[in-house]
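>>> Provide a 3D model corresponding to the input given below.
(one chain, ligands or ions: 1)
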Amino acid sequence: MKILVIGAGVVGTCSALQLQRRGHEVTLIDAAPEAATGASHANAGLISPGHCFSWAEPGITRVALKSLLGLSDGLGICAPLSPALWRWGTLFAREGTEARWLANSRAALALSAYSRDCHFRADGLPAEEYGGRHAGILYLYGANDTPGAHDAELLHAANEPFEQLDADQMDRCEPMLAHSAIRFAKGIFCRNDGTGDAARYARAALAAFQQLGGIARLGERVQQVLVHNGQAVGVRTDRGEQRAQAVVIAGGLHSRELLRPLGMDLPIHAVSGYSITYENVAGALPTRGAVSIPHKIAWASFAARSVRFTGFADVGTPDARRAQRRLAALDAFARQIIPALAGAQRKEWVGSRPMTPDNLPFLGASGIAGLWLNCAHGAMGWTMAHGSAQIIGDLIGGDTPAVDLTPYRWNRYGFLGRRAPPQQPKEL
Ligand SMILES: Cc1cc2nc3c(=O)[nH]c(=O)nc-3n(C[C@H](O)[C@H](O)[C@H](O)COP(=O)(O)OP(=O)(O)OC[C@H]3O[C@@H](n4cnc5c(N)ncnc54)[C@H](O)[C@@H]3O)c2cc1C
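Predicted coordinates for the structure are as follows:
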């Protein structure tokens, strides 16, 4: 089948490769001149079902109000407060009941664990191509922090192995922590989780896709999805028309602009984060991924003498002042964890997570035949990319996916989640 995949981030490149491997004739289109220039560019690199739980947790409205007043450290809200932000925020708050949080987290865990297992299976790309490590992730807590009341229950119910560690056990698990100026009192170690550089993976997936005969049209912006008789028939780009029997939307944050004219006004909003990649580091580096839960900062190493610290969540897009403040705080934290970073070279990055209010992607069929959604993976797109690509491959091939897709359906938000009636998609 002739298929167009829109978006060459980690989700789109994994999808294109998967579909090409299954014998389809695939064209991958991206507005940027190379793969992974969006959210996939310099993210934390954690493949982390062990901590994939929904951010819309009980009490989140109080945290959001504190953020509006500038009183919350890890979470911020960027001006201007647009109607899109209010709508998204209202839906996000609605997901913050215990029952919704549990359901959303269960669904996130199901897709994340499936995806991680696909990723580290033999059909993934060689680990050396993207600095991949299947060495577990440490989730760290201070003496006064308590892991979420239901985290262990959720992991246990999903048969995800995890161990609770004290400070000494953590130092043995990650020797680098012994040199850190910040001491963590306890941690949870999820040995099946892993790490890797998502951008290098996307570039390697693109190369593998092209080697199999897939066509990449980079530097070409899709302006419109073309629909005829209720069926997606191709796209119009700034270079002309491309026809196909199926179109996969993997445009991350910008998927909403492509879908809105079709009557699918999906609540996808930017939630920005920050990373600093340190290079030429002279000193001990982490041997596995880690997250300081109270600081909302993660770190991992994807190459010799290099380590990346990533953190914070600001709803919207930060101005230069906020970005500078966040990066300075991240740098100060990183130097406490690894004193040897003082003399290292650094690359700073600000990126936007394509977030939905329930932190679950839109994955599967859309309101239009032949138009498939694989977008809005929020804070977990690297973790979920491989499994989501398998699922899209299954659906287009007429096979039943291994994961129940009900939680990720495009029209789950009802009236509040879309303004145009989805049953009557426009002809374009
Ligand atoms: C700070 C930060 C840390 C993160 N850490 C992690 C982590 O540790 N683990 C994890 O699992 N996830 C993490 N994430 C989330 C993850 O990075 C994203 O969910 C993931 O990268 C989304 O991938 P994507 O391919 O859907 O989107 P993107 O990488 O944004 O790619 C979308 C692509 O679509 C293209 N596009 C859009 N519209 C069009 C159009 N009209 N025409 C042509 N091309 C178009 C864009 O140019 C872009 O290349 C993090 C994100 C951030 C910001």
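
>>> how much space between residue 332 and the ligand?
17 Å (C-beta to the nearest ligand atom, to the nearest Å). From N, CA and C alone the C-beta is placed, and that goes for glycine too.

>>> Could you say whether that residue sits in a helix, a strand or coil?
Classification of residue 332 by DSSP: H, G, I helix; E, B strand; the rest coil places it in helix.

>>> So that it lines up with my notes, have the first residue be 471 from now on.
I'll keep to 471 as the first residue from here, and by that count the last item is residue 802.

>>> count of neighbours near it?
Counted with other C-beta atoms under 10 Å, residues neighbouring residue 802 total 9.

>>> Would you map the strands across the stretch 621-770 of the chain?
Shown for the stretch 621-770 of the chain, the strands assigned by DSSP state E, counting those that start in this stretch span residues 633-636, 656-660, 664-665, 685-688, 692-698, 701-707, 710-713, 716-719, 739-749, 759-762, 767-773.

>>> closest to the ligand out of those strands?
Nearest to the ligand, of all these, is strand 739-749, at 2.5 Å by C-beta to the nearest ligand atom.

>>> I'd like the average pLDDT over the closest one.
If you average the pLDDT over strand 739-749, you get 97.

>>> which helices and strands does that strand pack with?
For strand 739-749, the packing partners by 3 or more C-beta pairs under 8 Å, 6 or more residues apart in numbering; DSSP states H and E come out as helix 553-564, strand 776-785, helix 790-807, strand 815-825.

>>> The second one to strand 815-825, inter-axis angle?
Computed by axes from the mean of the first three to the mean of the last three C-alpha atoms, to 10 degrees, the angle separating strand 776-785 from strand 815-825 equals 40 degrees.

>>> Now do the buried residues in strand 776-785.
Buried positions in strand 776-785, judged by neighbour count with 16 or more other C-beta atoms under 10 Å: 776, 777, 778, 779, 780, 781, 782, 783, 784, 785.

>>> ok, the third one - contacts?
In other words, residue 778. By C-beta atoms under 8 Å, 6 or more residues apart in numbering, the contact set of residue 778 is 512, 514, 515, 745, 746, 747, 748, 769, 770, 771, 772.

>>> Against the ligand, which of those make the cut? List them.
514, 515, 745 (C-beta under 6 Å from any ligand atom).

>>> Check those residues for burial and list the buried ones.
By neighbour count, with 16+ other C-beta under 10 Å, those hold 514, 515, 745 as buried.

>>> Distance to residue 505 for the residues you listed - can I get that in CSV?
Shown next, in CSV, are these (distance: C-beta to C-beta, whole Å):
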residue, distance to residue 505
514, 19
515, 16
745, 18
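
>>> what's the helix or strand for the nearest residue to residue 686 once chain neighbours are set aside?
Spatial nearest neighbour of residue 686, chain neighbours left out: residue 498 (4.9 Å); criterion: C-beta to C-beta, 6 or more residues apart in numbering. Under the criterion of DSSP states H and E, residue 498 resides in strand 495-500.

>>> Quick check: residue 654 vs the ligand, distance?
Distance from residue 654 to the ligand, by C-beta to the nearest ligand atom: 19 Å.

>>> pLDDT at the closest residue to that residue other than its chain neighbours, what is it?
Spatial nearest neighbour of residue 654, chain neighbours left out: residue 610 (4.1 Å); criterion: C-beta to C-beta, 6+ apart. At residue 610, the model reports a pLDDT of 95.
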